[in-house]
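Trainee: this one's sequence-less:
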């Protein structure tokens, strides 16, 4: 099929930059390991309180400067609702829900994931800046959705 | 190519107008809901009488996202196929009415359960929030009604093809067929989850629901849904706007090719709405991201075609210099001005869309007001302004009236009001979203968190923009009411563009439906089979229903 010369040029550069862009995303994902949260671990949503590590929610030290933060979300709260993290800590955050779908977002960071019944959501984040960060639910979960919040305090070690 | 009858038959016009009335009633009510939302979110206003923010939000989403769009589109497409492929047969028109009434009754049932507070689950109705079964049954009727209209469209097309063997079908009819095929294939997903998961579960026949499967089926539908909204706007751009400005269509074949590319690439892409969720292997998410971006190609083609049409027209009128042709365009004609402004808004809208679908970058904006800002540019500006621009000739054409100069001027003002309101509202949503403000949430300071307090000025800007937009809705309702009932009697043209002389003959291959539907199905199977089997094989225990509002 015939195409106008200008259209060929336009599409050549358009499609060329598109594939370049997709290649950048692909290298970032598979060579450098920057993947969105995609944890495949499952859990019985009705037995969250008895299932480790969620039977003891909170921050756990796993190694030199490495931590695990296990949190439960439930309408309309996070457990625990306040966490202190030492500055520079590399924290693997695991979250699950006891009831409906929730969001888990730490404003001002890249931590942003869906929390779905039956699954554990997980993402590793290094907290480099001292301060107070708000955790909030960004997926509608019911009448108290906008009140569902918790706090992260990043403090000097 | 010659197009059939010049005027849409009065009986077909009635069918189209019935759809359009419902669409604009939905705009009035849904727009009012939107106004209440931005006011609540500013923190300066509370809903009276214990009305829930989330009931209003559900109303807004269902009425504007599902009802306004679907009704306007089907009404427009019925008029377009009647105009270009000839008057509908009595049987096809009968089925068109059956579709219309099913959709209308379904909408009424769904709206009833939302308004009595039994279905504050938002228009995405994510399980395990459980609405009253009536909500899901009403939605099912809407979808079934739209399918019947889809099959009526196919039957009309088939009749034309039979009467014109070996000929290329009229462009607008072809495009309507593509859009209804897209709609049928994608709505199978939502039909499957509603019929096999939500309805039995909400009626209590089964206790539990597989949440991830329901979400995946929903988003298999949810993204092509936005192309179902967009393609009619593209029909108007490709096949109608050139005639309105007095020019010719750049190329019939390229228009068809871009529609076929949309048909192929807009379905196997739902995971880009699920990028930050558990239970899906990231490699499959990435594959669907790549497929998502393929729709950039037909959009680039469309942008080229449109501006080529504009430039060719301007130069034919003696324009010189690089941009002289811009001055020759009919800026004072609302039928051109409104859709053109819609096109301009599609540039930032499309760029924002690239961010949303960008695998890693999605995490920065997922479920923030950035996303709300994005689709208020795509749907609520690009598509809606194009539909308004079409209403300005379609309604008087169908009701045997003419648009007065005063109404045309009001329509130009309406477009400007809309643009200003949207720059404020959508702009503020984008910025607040980057700072982390969540979408779909009532006003909250999150325990006076300093970060959340920073979002409030943006939320006030959203309220200002939203209020201006509501004025825009009042203006368009005045114009539409005038065109439907009060404008002077007369004949208004249903513009259909002709192809430029230098364009090549359109090959018949674009109507090889087995081939294109086959490719679409293969891509869907590639993108979904393995992750879907994974989801079912590794499924956690299902969820009981929750009513948390």
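Mentor: Looks like it arrived, so ask away. Given the structure is predicted, the values throughout are model-derived calculations rather than measurements.
Trainee: so residue B:75 touches residue B:23, yeah?
Mentor: Yes - counting by CB atoms under 8 Å, residue B:23 is a contact partner of residue B:75 at 6.7 Å. All C-beta spots, glycine's among them, are computed from the backbone N, C-alpha and C.
Trainee: quick one: residue B:352 and chain A, what's the gap?
Mentor: Residue B:352 is 15 Å from chain A, where distance means CB to the nearest CB, to the nearest Å.
Trainee: Grab the nearest non-local neighbour of that residue.
Mentor: residue B:374 (4.5 Å; CB to CB, 6 or more residues apart in numbering or on different chains).
Trainee: what about that neighbour, which SS state?
Mentor: Classification of residue B:374 using DSSP: H, G, I helix; E, B strand; the rest coil returns helix.
Trainee: pLDDT score assigned to it?
Mentor: We have a pLDDT of 97 for residue B:374.
Trainee: re earlier: need the overlap of contacts for residue B:75 and residue B:23.
Mentor: By CB atoms under 8 Å, 6 or more residues apart in numbering or on different chains, residue B:75 and residue B:23 have no common neighbours.
Trainee: does the lowest-mean-pLDDT helix or strand in chain A come close to chain B?
Mentor: When the helices and strands of chain A are scored by mean pLDDT, DSSP states H and E, helix A:5-26 comes last with a mean of 92. Yes - looking at helix A:5-26 against chain B by CB under 8 Å from any CB of the partner chain, the contacts come from A:6, A:7, A:10, A:11, A:14, A:15, A:18, A:21, A:22, A:25, A:26.
Trainee: quick one: average pLDDT of the strand or helix carrying residue B:181?
Mentor: Residue B:181 belongs to helix B:171-192 when assigned by DSSP states H and E. Here helix B:171-192 scores 96 as its mean pLDDT.
Trainee: What helices and strands are in contact with it?
Mentor: Helix B:171-192 sits against helix B:69-85, helix B:133-163, helix B:211-239, helix B:252-265, helix B:513-537, with contacts defined as 3 or more CB pairs under 8 Å, 6 or more residues apart in numbering or on different chains; DSSP states H and E.
Trainee: Could you identify which of those is most buried?
Mentor: helix B:69-85 (a mean of 27; mean count of other CB atoms under 10 Å in any protein chain shown).
Trainee: quick one: is stretch B:431-444 near chain A?
Mentor: Yes - if you take CB under 8 Å from any CB as the test, stretch B:431-444 does meet chain A, through B:435, B:436, B:438, B:439, B:440, B:441, B:442, B:443, B:444.
Trainee: Which members of these are positioned in helices?
Mentor: Assignment to helices by DSSP state H places none of these there.
Trainee: Who wins on neighbours among those residues?
Mentor: Of all those, residue B:438 has the most neighbours under the rule other CB atoms under 10 Å in any protein chain shown, reaching 29 neighbours.
Trainee: How about the contacts made by the residue nearest to it when sequence neighbours are not counted?
Mentor: In space, and not counting its chain neighbours, residue B:438 is closest to residue A:138: 3.7 Å by CB to CB, 6+ apart. Applying CB under 8 Å, 6+ apart to residue A:138 gives the contacts A:103, A:104, A:105, A:112, B:366, B:367, B:368, B:438, B:439, B:440, B:441.
Trainee: so who does residue B:116 touch?
Mentor: By CB under 8 Å, 6+ apart, residue B:116 has no neighbours at all.
Trainee: and it, how far is that from residue B:22?
Mentor: 21 Å (CB to CB, to the nearest Å).
Trainee: near chain A, anything from the helix or strand where residue B:462 lies?
Mentor: According to DSSP H and E, residue B:462 maps onto helix B:450-481. Yes - Helix B:450-481 reaches chain A (CB under 8 Å from any CB) through B:450, B:451, B:452.
Trainee: Just put those residues in CSV and tack on neighbour count.
Mentor: Shown next, in CSV, are the residues of helix B:450-481 next to chain A (neighbours: other CB atoms under 10 Å in any protein chain shown):
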residue, neighbour count
B:450, 12
B:451, 19
B:452, 20
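Trainee: now, which of these sits nearest residue A:120?
Mentor: residue B:451 (26.1 Å; CB to CB).
Trainee: Quick check, pLDDT for the closest one.
Mentor: Confidence score, pLDDT, at residue B:451: 95.
Trainee: Would you agree it is in contact with residue B:435?
Mentor: Yes - Residue B:451 lies in contact with residue B:435 (CB under 8 Å); the separation is 7.3 Å.
Trainee: where does residue A:131 fall, phi/psi-wise?
Mentor: Residue A:131 has phi and psi values of phi 150, psi -180 when expressed as degrees, to the nearest 10.
Trainee: Contacts only, for it.
Mentor: By CB under 8 Å, 6+ apart, the contact set of residue A:131 is A:108, A:153, A:154.
Trainee: So which residues on the stretch 251-400 of chain B come close to chain A?
Mentor: When proximity is defined as CB under 8 Å from any CB, the stretch 251-400 of chain B approaches chain A at B:251, B:253-254, B:257, B:274-282, B:285-286, B:289-290, B:293, B:296-297, B:300-301, B:304, B:308, B:354, B:358-360, B:362-364, B:366-368.
Trainee: Just the buried residues out of the residues you listed, in PyMOL syntax.
Mentor: PyMOL command restricting these to the buried ones, with burial defined by 16 or more other CB atoms under 10 Å in any protein chain shown:
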select buried, chain B and resi 251+253+254+257+274+275+276+277+278+279+280+282+285+286+289+290+293+296+297+300+301+304+308+358+359+360+362+363+364+366+367+368
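Trainee: Restricted to helices, list the residues of the stretch 251-400 of chain B next to chain A.
Mentor: Those of these mapping onto helices are B:253-254, B:257, B:282, B:285-286, B:289-290, B:293, B:296-297, B:300-301, B:304, B:308, B:354, B:362-364, per DSSP H.
Trainee: looking at this, residue A:67 is in a strand?
Mentor: Yes - counting by three-state DSSP, residue A:67 is located in a strand.
Trainee: Thought residue B:499 was touching residue B:242, still the case?
Mentor: No - with contact defined as CB under 8 Å, residue B:242 does not reach residue B:499; the gap is 9.1 Å.
Trainee: any residues in contact with both of the two?
Mentor: Common neighbours of residue B:242 and residue B:499 (CB under 8 Å, 6+ apart) are B:248, B:249.
Trainee: So for those two, which sits in the more crowded spot?
Mentor: Between residue B:242 and residue B:499, counted using other CB under 10 Å, residue B:242 has the larger neighbour count: 26 against 20.
Trainee: Quick one: classify the more buried one as helix, strand or coil.
Mentor: helix.
Trainee: show me the contacts for it.
Mentor: Counted by CB under 8 Å, 6+ apart, residue B:242 has contacts B:248, B:249, B:250, B:309, B:313, B:497.
Trainee: mind showing which ranges of chain A have poor pLDDT?
Mentor: Scanning chain A for pLDDT under 70 picks out the ranges A:1.
Trainee: Show me how the record splits it into domains.
Mentor: Per automatic domain parsing, the domain ranges recorded for chain A read A:1-35, A:45-155.
Trainee: Take those and lay them out in CSV including distance to residue B:213.
Mentor: Listed next are the domains of chain A as CSV, based on distance: least, CB to CB, whole Å:
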stretch, distance to residue B:213
domain A:1-35, 22
domain A:45-155, 11
